[in-house]
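Undergrad: I would like to see how this sequence folds:
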Amino acid sequence: MKHLKQADVLFDRDLNDKHYTRLDLPSAKTAATGEIQSIFLVEQQGLCLLDALENLARVVPAGPNNPLLSWMDR
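TA: Predicted coordinates:
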């Protein structure tokens, strides 16, 4: 599958203890077939994508191979 999965997201801190998120893209126009490209997101003032992704990981009961922006319900 070519969609971004829960397992493709890594929350971490750099050497200066600054928070970042890495998205490992399974497919990209600028990547060779099978090559993974990574996007690094850093904290922003105001509405922060890192906070939104961390909240999503906490509240969405999805498995590591489910699409990143998915929701599972009974």
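Undergrad: Looking at strand pairing, list the partners for the spatially most central residue of the chain.
TA: Residue closest to the average C-alpha location in the chain (Cα atoms, centre = their mean): Val9, at 3.1 Å. Here Val9 sits in beta bridges with Leu23, going by DSSP bridges.
Undergrad: That one and Thr33, how far apart?
TA: Distance of Val9 to Thr33, computed by Cβ to Cβ, to the nearest Å: 22 Å. In short, each C-beta sits where N, CA and C put it, glycine included.
Undergrad: what sits against the residue nearest to the centre of the chain?
TA: Each residue near Val9 by Cβ atoms under 8 Å, 6 or more residues apart in numbering is listed here: 21-24, 53, 57, 68.
Undergrad: Can you show me the helices along this structure?
TA: Per DSSP state H, the chain has helices spanning 49-59. These are given in chain order.
Undergrad: Tell me the buried residues in the lowest-mean-pLDDT helix or strand in it?
TA: One helix or strand of the chain scores below all others by mean pLDDT, DSSP states H and E: helix 49-59, with a mean of 85. Neighbour counts using 16 or more other Cβ atoms under 10 Å place 53, 56 of helix 49-59 among the buried residues.
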